[in-house]
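Colleague: Any chance you could fold what I've pasted below:
(2 chains, ligands or ions: 2)
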Amino acid sequence: MQYRYKIAGGDFSNAGSVASSVKKILRQLNISHSVSKRIVIALYEGEVNIVAHAYSGIADVEIDSEKIRIVLTDKGPGIPDIPKAMEEGFSTASPQVREMGFGAGMGLSNMKKNSDTMNITSETGKGTVVELINYFSTDVR
Amino acid sequence: MKIAEIVSKLDLTVISGINGLNREVTGGYVSDLLSDVIGNAKEGSIWITLQTHQNIMAVASLKELAAVIIVKGSVPESDTVRKSNEENIPILSTKADTFTITGMLFKLLEKK
Ligand SMILES: Nc1ncnc2c1ncn2[C@@H]1O[C@H](COP(=O)(O)OP(=O)(O)O)[C@@H](O)[C@H]1O
Ligand SMILES: [Mg+2]
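Modeller: Numbers count the residues shown, from 1 in each chain, chains lettered A, B, ... in the order given. Ligands and ions are numbered 1, 2, ... in the order given. Now for the predicted structure:
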């Protein structure tokens, strides 16, 4: 199965709606709670990063019998130094965004911790692609 | 312990999400950082925060939290209230600050 969601940059009012939709799908597919919890965390953070840091983006979600693959593709400033961005606490979020409780610099590390595979590619000035893969059973990892 | 019991014992005001008051509370979490809550809060917890915007309800719903306590008498925005009612996740308000209400809730949950 494949699903595609649009994400608008700057639209904090809808942040989390993709994660919420995918959570519902995973529940319908009877995916175990412990697996879906991790996916929801990783996807929420990926979604929020597009809202907070990019101009617009798309979440492509692909589910088969053994895994879920999420590809977040955005048009935006890109990430010039990915290892730096991955550091817990590093954030370029604006003061207003931080005041709302976003911009803790924990998003990418939450995504790393809660996915089985995470790949980031980014082109400065163009955009970022984040791939997240989670397996439904621990034996196929 | 049910939320309703916590409301009466801690003298909280129910702002919204009345249909969720019989949810069972299994713990608490205190943070104003959404990434911290999404990453670390446990399902069934009461979340204590000073944030009032609607993203707190998105997080509460994704994490299946029992309720949100907003501290220092702050008033949630109308979108936050609407989401709370939609999701049946109560928003509770206290005049107390985070330290005080956390201590009270901790004592209450520890007892049982
Ligand atoms: N999709 C993205 N586009 C551009 N920059 C990004 C994107 N995702 C993350 N970043 C950069 O990486 C930093 C760290 O991201 P993250 O760990 O999620 O923390 P936060 O979002 O709280 O700042 C961000 O502050 C930003 O500079
Ligand atoms: Mg982030």
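Colleague: My guess is residue A:19 contacts residue A:44. True?
Modeller: Yes: between residue A:19 and residue A:44 there is a contact at 4.1 Å, judged by CB atoms under 8 Å. (Each C-beta comes from the backbone N, C-alpha and C, glycine too.)
Colleague: higher neighbour count, the two?
Modeller: Each of residue A:19 and residue A:44 has its neighbours counted (other CB atoms under 10 Å in any protein chain shown); residue A:44 has more, 30 against 27.
Colleague: Contacts only, for that one.
Modeller: Listed by CB atoms under 8 Å, 6 or more residues apart in numbering or on different chains, the contact set of residue A:44 reads A:16, A:19, B:38, B:59, B:62.
Colleague: mind checking how far it is from residue A:23?
Modeller: Distance, residue A:44 to residue A:23, by CB to CB, to the nearest Å: 9 Å.
Colleague: shared neighbours of the two, anything?
Modeller: Residues within reach of residue A:44 and of residue A:23 at once, by CB under 8 Å, 6+ apart, are residue B:62.
Colleague: Please, where are all the helices along chain A?
Modeller: Along chain A, counting by DSSP state H, helices occupy A:17-28, A:33-53, A:82-86, A:95-99, A:107-113.
Colleague: which non-adjacent residue is nearest residue B:21?
Modeller: residue B:4 (4.5 Å; CB to CB, 6 or more residues apart in numbering or on different chains).
Colleague: Can you list the buried residues in the strand or helix carrying that neighbour?
Modeller: Assessed by DSSP states H and E, residue B:4 sits inside helix B:3-9. The neighbour-count check on helix B:3-9 (16 or more other CB atoms under 10 Å in any protein chain shown) flags B:3, B:4, B:6, B:7 as buried.
Colleague: Give me the distance between the closest residue to residue B:26 other than its chain neighbours and ligand 1.
Modeller: The shortest distance from residue B:26 to any non-neighbouring residue, by CB to CB, 6+ apart, is to residue B:44 (3.7 Å). To ligand 1, residue B:44 is 26 Å away according to CB to the nearest ligand atom, to the nearest Å.
Colleague: Now do the phi/psi pair for residue B:44.
Modeller: Note on residue B:44: backbone dihedrals following degrees, to the nearest 10 are phi 80, psi 0.
Colleague: Show me where chain B has its strands.
Modeller: Under the criterion DSSP state E, strands of chain B are mapped to B:13-16, B:27-30, B:45-49, B:67-70, B:91-93.
Colleague: which residues sit against the helix or strand bottoming out on mean pLDDT in chain A?
Modeller: The helix or strand of chain A with the poorest confidence is helix A:95-99; it has a mean of 94 (mean pLDDT, DSSP states H and E). Contact partners of helix A:95-99, identified using CB under 8 Å, 6+ apart, comprise A:52, A:91, A:103, A:104.
Colleague: Just name the closest of these to residue A:131, please.
Modeller: Nearest to residue A:131, judged by CB to CB, of the contacts of helix A:95-99 is residue A:52 at 19.4 Å.
Colleague: quick one: contacts for that closest one?
Modeller: A:12, A:93, A:97, A:102, A:103.
Colleague: Residue B:58 against residue A:15, yeah?
Modeller: Yes: between residue B:58 and residue A:15 there is a contact at 6.4 Å, judged by CB under 8 Å.
Colleague: do you know how far residue B:60 is from residue A:16?
Modeller: Residue B:60 is 10 Å from residue A:16, by CB to CB.
Colleague: Looking at stretch B:46-60 now, give me its mean pLDDT.
Modeller: When pLDDT is averaged along stretch B:46-60, the result is 98.
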